[in-house]
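1. Starting from these lines, generate the structure:
(2 chains)
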Amino acid sequence: MSATRPPLVHISNVSKIFKRGAEEIHVLSGLELAVNEADFLALMGPSGSGKSTLLNLIGGLDRPTSGTVQIGDERVDQLSDRQLAGWRARHIGFVFQFYNLLPALSAERNIELPLLLTGLNQAGRREHVAAALAAVGLSHRAKHFPRTLSGGEQQRVGIARAIVTDPTVLLCDEPTGDLDRKSGDEILALLQSLNKDHGKTIIMVTHDPHASARASHTVYLDKGQLSNNPVA
Amino acid sequence: MKFLPLVWAGLKRKKLRTALTFLSIFIAFMLFAFLGALKQALGGGVSMAGLDRLIVRHKVSLIQTLPESYKARIQAVSGVDAVCHQTWFGGVYQDPKNFFPNMPVEPGAFCGMFPEFVLKEAERQAWLRTRSGAIVGRATAERFKWRLGERIPLQSPMWGAPAGQSQWELEIVGIYDGINKSTDTSQLFFRYDYFEEARQRDKGQVGWYTVRIADPARAAEIAAAIDGEFANSPYETKSEPEGAFAQGFAQQIGDIGSIVMAVVGAVFFTILLVAGNTMGQSVRERTEELGVLKAIGFSNLLVLALVLLESCCIAILGGFSGLGAAWLIVASGNPIPSLLPVFFLPTSSLVSGAMLAVALGLVAGVLPAWQAMRLRIADALRRGG
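-> Model (predicted):
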């Protein structure tokens, strides 16, 4: 970790409580986390440990019950819904376990989606889409629809969509969870390359130790608390 | 514009469902426009009626006749500019199904009274010269392929035939056009003096009078004065503005406007449910996709607008296509010229149809759009995953 620069992602004393009827479920309790710029962090933990909830808080998809979430200079937990939407468009790239591509759109149209929220004209958007497709090695599949792509290819399109706006942080929720080992390795290599070669800050939720080994370091989440040691 | 491919993709997602919804909207709007043309046709006389004209008829009913001598007395009423009379002849050309209205009139007074019937001056002169001459509207002339100079036979169950003849013979001396497309050009007019001389009964009797008044604001007062003139006589009169007369005539076969509104209302309510259900289902099926859009930065309002736009797109596509199809059908010809003298799709129906299509899209889409807007991202992605 850098001693001179503040962390890019700074989560302080964050708690998240879900209510199910009268019952309160404490998913995160007084959680602290700092992630530096250009870091590749793997977040591991058993099912239900709150990994995705934490990712949602960092990505501004949800708000903490208490505590602060700061990304760069922005207190994300204090933004309104509208401000959050704009902030996500500028700063966050999401990669989902099940790719979450829009089936009625071609690969290039899926990748173009985040660019629709920018001021780029059509030519500018095409240029960015082409660069993102090239970065994930799928230039030849630009016109293909998701149903005609393999799982690995769909996830590459998902990654291209996540990086096309050059976001501050890339949040990956089990990006290899739905892939075979070979495709999973390719996706992990791609994420590693984005981190090492392009300086992307990546936070990846995973169950898979093989995947976490690709990250620069790993933290473990259990019972709402983080630790640097695997859960027993 | 840049979001249109996204909207289009939403419509293409379930092609069969979109096609069926499109078709139901298409049919509804075609019906709407076609009924608009029908309403216009059946109530055509109302829109053609002059504000400065009154109709004077027998107080009991239209089929009772009035003395021709009333003309001079009506003319003498203060505020009356001109008077002419018409009489229902009910002539049949070859076969009763070839119906068209035909009436004896006084050519000079008639042409002055009805400027909406446009007749060439030479043909008007020929009518004034020819005792058995008749003028016919363009629609009927084209329907029976009549030409100037042609002699046409008419049989009249009401008036019989002239003495020593088996039928009435009229010479076509003029073909008039309407001043605009809502003018009825299905009627035939021939000379009253020829009719009066040849008919075997009710001589000196006419059907009704048309009266032009100088000041339309005084219509009620003048109508009352005319009726007062003939009060307590054997032939009491009822005078009313021409529009009211035409309205009453059209309503002899029912309140067409109300019938059309009832049918259209029922159809549109059903279509609203169909389109609303389609959009609701579409949004429910795309919960995860909408969650993804929001996750990558689409605001709640933008998602609301996209769903509304999608709903409007299908309503506008279906609606405009339906209106266009109805326009083509109506423009291809009058299906029953004997019953519908004027048959065209009024611009007002097209404009109100277009506005209705947009309104349908908005109303059908508003609830699903609201649901999409309120969708929580984490919940949407969890449901999808």
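2. Give me the pLDDT for residue B:35.
-> Residue B:35 carries a pLDDT value of 84.
3. Can you pull up the most central residue in the chain?
-> No chain in the question, so chain A it is. What sits nearest the mean C-alpha location of chain A, by C-alpha atoms, centre = their mean, is residue A:171, with 1.0 Å.
4. ah, I was thinking of chain B
-> Central residue of chain B (C-alpha atoms, centre = their mean): residue B:40, at 0.8 Å.
5. So it versus residue A:225, what's the distance?
-> 77 Å (C-beta to C-beta, to the nearest Å). C-beta: built from backbone N, CA, C; applies to glycine.
6. can you check residue B:242 too?
-> 90 Å.
7. the more surrounded of those two?
-> Using other C-beta atoms under 10 Å in any protein chain shown as the criterion, residue B:242 and residue A:225 rank with residue B:242 on top: 21 against 15.
8. Would you confirm that that one contacts residue B:57?
-> No - counting by C-beta atoms under 8 Å, residue B:57 is not a contact partner of residue B:242; they are 11.2 Å apart.
9. What segments of the stretch 151-300 of chain B are helices?
-> In the stretch 151-300 of chain B, the segments counted as helices under DSSP state H, counting those that start in this stretch are B:192-198, B:219-229, B:242-250, B:256-285, B:287-295, B:300-331.
10. Can you name the residue of the stretch 1-150 of chain B nearest to chain A?
-> Proximity to chain A, evaluated over the stretch 1-150 of chain B using C-beta to the nearest C-beta, is greatest for residue B:9 at 3.7 Å.
11. and residue 79, how many neighbours does it have?
-> Went with chain A since none was named. Residue A:79 has 17 nearby residues by other C-beta under 10 Å.
12. Hmm, no, I was thinking of chain B.
-> For residue B:79, using other C-beta under 10 Å, the count is 16.
13. what are the ranges of the strands in the chain?
-> As the question left the chain open, I've gone with chain A. Using DSSP state E, the strands of chain A run over residues A:9-20, A:23-35, A:40-44, A:66-71, A:74-75, A:92-95, A:169-173, A:201-206, A:217-222, A:225-227.
14. think we crossed wires, I meant chain B
-> Using DSSP E, strands in chain B cover B:53-58, B:66-67, B:80-86, B:102-105, B:117-118, B:133-137, B:151-154, B:168-178, B:188-191, B:205-206, B:208-213, B:237-241.
15. what's the residue nearest to residue B:195 when sequence neighbours are not counted in contact with, if anything?
-> Residue nearest to residue B:195 in three dimensions, not counting chain neighbours: residue B:104, with 3.6 Å by C-beta to C-beta, 6 or more residues apart in numbering or on different chains. Residues near residue B:104 by C-beta atoms under 8 Å, 6 or more residues apart in numbering or on different chains: B:86, B:87, B:89, B:189, B:190, B:191, B:192, B:194, B:195, B:196.
16. near chain A, which residues of the stretch 251-385 of chain B?
-> B:288-289, B:291-302, B:377-378, B:381, B:384-385 (C-beta under 8 Å from any C-beta of the partner chain).
17. Just the buried subset of these, please.
-> B:288-289, B:291-300, B:302, B:377-378, B:381, B:384-385 (16 or more other C-beta atoms under 10 Å in any protein chain shown).
18. bridging residues for the residue nearest to residue B:195?
-> As for beta bridges, residue B:104 partners with residue B:190 under DSSP bridges.
19. do residue B:238 as well
-> With DSSP bridges as the rule, residue B:238 is bridged to residue B:57.
20. Which positions in the single longest helix found in chain A come out as buried?
-> Ranked by residue count under DSSP state H, the longest helix found in chain A is helix A:181-198. Of the residues in helix A:181-198, A:183, A:184, A:185, A:186, A:187, A:188, A:190, A:191, A:194, A:195 count as buried by neighbour count, 16+ other C-beta under 10 Å.
21. likewise stretch A:64-73?
-> Residues of stretch A:64-73 classed as buried: A:64, A:65, A:67, A:69, A:70, A:71 (neighbour count, 16+ other C-beta under 10 Å).
22. what's the closest non-adjacent residue to the second one?
-> Sequence neighbours aside, residue A:17 is the residue nearest to residue A:65 in space, at 4.6 Å (criterion: C-beta to C-beta, 6+ apart).
23. next one: the third one
-> In this structure, residue A:67 finds its nearest non-sequential neighbour in residue A:14, 3.4 Å apart by C-beta to C-beta, 6+ apart.
24. Ok, residue B:126 next?
-> Nearest non-adjacent residue to residue B:126 (C-beta to C-beta, 6+ apart): residue B:173, at 4.2 Å.
25. residues in contact with residue 167?
-> You didn't say which chain, so I picked chain A. Neighbours of residue A:167 in contact, by C-beta under 8 Å, 6+ apart: A:90, A:91, A:92, A:93.
26. Chain B was what I was after
-> Neighbours of residue B:167 in contact, by C-beta under 8 Å, 6+ apart: B:153, B:154, B:155, B:161.
27. So for the residue in chain B positioned nearest to chain A, what's the pLDDT?
-> For chain B and chain A, the shortest gap (C-beta to the nearest C-beta) falls at residue B:297, measuring 2.5 Å. For residue B:297, the model assigns a pLDDT of 94.
28. Leaving out the residues flanking it, which one is nearest to it?
-> residue A:89 (2.5 Å).
29. residue ranges with poor pLDDT in chain A?
-> Flagging of chain A using pLDDT under 70 yields the residue ranges A:1-4, A:231-232.
30. Residue of it nearest chain B, please.
-> Residue of chain A nearest chain B, by C-beta to the nearest C-beta: residue A:89 (2.5 Å).
31. Run a quick neighbour tally on that residue.
-> 20.
32. Verify the contact between it and residue A:113 for me.
-> No - applying C-beta under 8 Å as the test, residue A:89 and residue A:113 come out as separate, 10.1 Å apart.
33. Need the overlap of contacts for the two.
-> Common neighbours of residue A:89 and residue A:113 are listed as residue B:296 (criterion: C-beta under 8 Å, 6+ apart).
34. before we move on, back to that, Provide a list of residues in contact with the residue nearest to residue A:67.
-> A:28, A:30, A:31, A:32, A:33, A:54, A:57, A:64, A:66, A:67, A:68, A:69.
35. From the residues you listed, pick the one nearest residue B:3.
-> Taking C-beta to C-beta as the measure, residue B:3 lies nearest residue A:57 of the contacts of residue A:14, at 29.1 Å.
36. which residues does the closest one contact?
-> A:11, A:14, A:16, A:28, A:63, A:64, A:69, A:76, A:77.
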